[in-house]
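*Asks:* sequence below, structure please.
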Amino acid sequence: MRSYKQLSQAQRYQIEILKKAGKNQKQIAELLGSSAGTICRELQRDTGKKGYRPKQAQVKADTRRKQAAKAVKTAAVAIVLIEEKIALDWSPDQVAGWLEAEQGILTGHERLYQHIWADKRHGDVV
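*Replies:* Residues are numbered from 1 along each chain as shown. Okay, here's the model as predicted:
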């Protein structure tokens, strides 16, 4: 199984040249040492009315990378609130909804389950 690697700007220009040379997605992937799925997604995402344009594709990729969600540690204040609600037998779904609606804190119920399981592994009871 291959590990995931993002396409470089040079690879995007190579894709354009290879497409113009009549190569199919599988051939392009083999020549670039990438997966056919990566090439397929790249072409679907970044082919417009004027065809595949590598410069614009790179700009869009950079924008997506900057906007990607970053892992954020849960603030100590939020942990106290979470543990208070869990102690009242609220479900993680209820706590997540309450945190967003009443406190403006965005967290998913899955993150709350992870917190509970981590506490249990360390012998703490939430």
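*Asks:* Val59 belongs to a strand?
*Replies:* No. Assigned with DSSP: H, G, I helix; E, B strand; the rest coil, Val59 falls outside any strand and is helix.
*Asks:* now do it against Leu32, distance only.
*Replies:* 20 Å (Cβ to Cβ, to the nearest Å). The way it works is simple: take the backbone N, C-alpha and C, and place the C-beta from them, glycine included.
*Asks:* got a list of contacts for the lowest-mean-pLDDT helix or strand in the chain?
*Replies:* Counting by mean pLDDT, DSSP states H and E, the chain has its least confident helix or strand at helix 109-121, which shows a mean of 82. Helix 109-121 is contacted from outside by 74, 79, 82, 86, 91-93, 95-96, 125-126, using Cβ atoms under 8 Å, 6 or more residues apart in numbering.
*Asks:* closest to Lys55 out of the residues you listed?
*Replies:* Thr74 (39.6 Å; Cβ to Cβ).
*Asks:* list the residues that contact the closest one.
*Replies:* So Thr74 contacts 82, 107, 111, 115 (Cβ under 8 Å, 6+ apart).
*Asks:* which of those residues has the most neighbours?
*Replies:* Neighbour counts for the contacts of Thr74 (other Cβ atoms under 10 Å) peak at Ile82, which has 24 neighbours.
*Asks:* that residue - that's part of a strand, no?
*Replies:* No. Read with three-state DSSP, Ile82 is helix and lies in no strand.
*Asks:* correct me, but it touches Trp98?
*Replies:* No. Counting by Cβ atoms under 8 Å, Ile82 stays clear of Trp98, with 9.6 Å between them.
*Asks:* retrieve the pLDDT associated with Thr107.
*Replies:* You'll see Thr107 listed with a pLDDT of 85.
*Asks:* pretty sure it sits in a helix.
*Replies:* No. Using three-state DSSP, the secondary structure at Thr107 is coil, not a helix.
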